[in-house]
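**Q** structure of the sequence below:
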Amino acid sequence: MVLAASCIGDREGPTASPTVVTAPAASVPSVEPTAEPTPTPEAAATPVPTAEPPTETPIPTPPASGTPSASGGAGSAAACTGTAANRDFFAKVAATFDWPVYCAVLPARWSVATGSYRSAGGGRMEIAYKGPGGARFELHEGAFCDLPEGCVPNGPDAGTAAFGDLSGTLVTGDDGSYAIVVDRGKARSWLAVGIGLDLDTFKGFAAALSLVE
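**A** Purely as a prediction, here's the structure:
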């Protein structure tokens, strides 16, 4: 058996080429890219653009008088501390609501920090100004508070004080802040808050508030 196999192996003859079978390439399903959904922003308060204030503005001290009136007093958004965008914001708020809108008229180194307004519930406008040494002056106007306390800082009343051309109640906060509120606890009210300010400076800022028309 061994010899026969050897002879067969030595016999010359044509050599068959091996047949190579190529398997078809597996098809890969194509996947269409899916676009990420675009988030829908929630309705939010209209922001106030912020920037450094212009040169120093003198602080007038108009006398306090009367009760809130949409047509009382004098002034315009041109008197408001801030940039042109800040003044446009105040003009838009005043045109939107039927209650008086006041802006601050502050000296140099004061600028708008944050601000917004909403139309729901009768409308409200809230804005804060920042000054030297971390001082802060805030305005809250319209239907910003539904509490009988008027959302005023805790502290005793200390007489009357001017809020622009209005007369309000002065509050000395237990935390060292000061506030002046007009029509506390009513559907629409006006509140100024000073933080990091002495009493005379705060009262001067509040008295100098300008009615935007």
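**Q** only C-alpha atoms for contact and neighbour calcs from this point on.
**A** Noted.
**Q** isn't residue 144 up against residue 119?
**A** No: between residue 144 and residue 119 there is no contact under Cα atoms under 8 Å: 10.7 Å.
**Q** more neighbours: which of the two?
**A** More crowded of residue 144 and residue 119, by other Cα atoms under 10 Å: residue 144, with 22 against 14.
**Q** ok, the more buried one to residue 128 distance?
**A** 14 Å (Cα to Cα, to the nearest Å).
**Q** what's the burial count for residue 140?
**A** So residue 140, with other Cα under 10 Å, has 23 neighbours.
**Q** wait, what's in contact with residue 101?
**A** 90, 93, 94, 141, 211, 212, 213 (Cα atoms under 8 Å, 6 or more residues apart in numbering).
**Q** now do 7 Å
**A** Listed by Cα atoms under 7 Å, 6 or more residues apart in numbering, the contact set of residue 101 reads 94, 211, 212.
**Q** mind listing what the residue nearest to the second one when sequence neighbours are not counted touches?
**A** Leaving out its chain neighbours, the residue that sits closest to residue 211 by Cα to Cα, 6 or more residues apart in numbering is residue 102, at 4.5 Å. The neighbours of residue 102, taking Cα under 7 Å, 6+ apart as the test, are 209, 210, 211, 212.
**Q** would you mark the buried spots in stretch 124-138?
**A** Residues of stretch 124-138 classed as buried: 124, 125, 126, 127, 128, 129, 130, 131, 136, 137, 138 (neighbour count, 16 or more other Cα atoms under 10 Å).
**Q** out of those, which are inside strands?
**A** 124, 125, 126, 127, 128, 129, 130, 136, 137, 138 (DSSP state E).
**Q** okay, buried residues for the helix ranked longest in the chain please.
**A** What stands out as the longest helix in the chain, according to DSSP state H, is helix 84-96. Neighbour-count burial for helix 84-96, counted by 16+ other Cα under 10 Å, picks out 84, 86, 87, 88, 89, 90, 91, 93, 94.
**Q** from residue 155, how far off is the fifth one?
**A** To tie it back to what came earlier, the one meant is residue 89. From residue 89 to residue 155 the distance is 32 Å (Cα to Cα).
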